[in-house]
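K.L.:
Turn this into a model:
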Amino acid sequence: MTPASHRAITAMTQEDDSSASEPHPHGRAAPDDGAQARAAEHLAGLDELLREALLALGAAGQSDLACRIAAAAWSLLRREMPHAAQRYNGLLHRLTATPHQQRKDLP
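P.N.:
Below you'll find the predicted structure:
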């Protein structure tokens, strides 16, 4: 597990009662800036964990499954978050590279 994913898991499991916010018109709490920042941090951590898991699947001989999941992630992200989608595109290329093509210096 990378330090970034460890920080994300730690942040997700800690309770934070300091984020009082105004009620949402439909009965839900409206997110404040702090809550949105924490949500973005949690999503970044989940993204890191998913990419690590996909690499582990590929290393365990499940490259086809890892590619299908990475392609689905790319599809979900490509319009609204193209930079994040590009990381999954790169991951797809890495998962499909033959052993002599794989670079050892990539995470």
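
K.L.:
Pull the residues that contact stretch 54-61.
P.N.:
By Cβ atoms under 8 Å, 6 or more residues apart in numbering, the residues outside stretch 54-61 that reach it are Ser63, Leu65, Ala66, Cys67, Ile69, Ala70, Leu91, Arg94, Leu95. All C-beta spots, glycine's among them, are computed from the backbone N, C-alpha and C.

K.L.:
Can you list the buried residues in it?
P.N.:
Buried residues in stretch 54-61, defined by neighbour count with 16 or more other Cβ atoms under 10 Å: Leu54, Leu55, Leu57, Gly58.

K.L.:
What of stretch 40-57?
P.N.:
So, applying 16+ other Cβ under 10 Å, buried residues of stretch 40-57: Ala44, Gly45, Asp47, Glu48, Leu49, Leu50, Arg51, Leu54, Leu55, Leu57.

K.L.:
Closest one to Arg79 out of the buried residues of stretch 54-61, please.
P.N.:
Arg79 lies nearest to Leu54 out of the buried residues of stretch 54-61, by Cβ to Cβ, at 20.9 Å.

K.L.:
Which residue is the nearest non-sequential neighbour of the closest one?
P.N.:
Leaving aside its chain neighbours, Leu54 sits nearest to Ala66 (4.4 Å; criterion: Cβ to Cβ, 6 or more residues apart in numbering).

K.L.:
same deal with Leu77?
P.N.:
Per Cβ to Cβ, 6+ apart, closest to Leu77 is Ala85, 3.8 Å.

K.L.:
Packing partners of the helix or strand containing the one you found?
P.N.:
Element membership for Ala85, per DSSP states H and E: helix 82-96. Helix 82-96 sits against helix 33-59, helix 63-77, with contacts defined as 3 or more Cβ pairs under 8 Å, 6 or more residues apart in numbering; DSSP states H and E.
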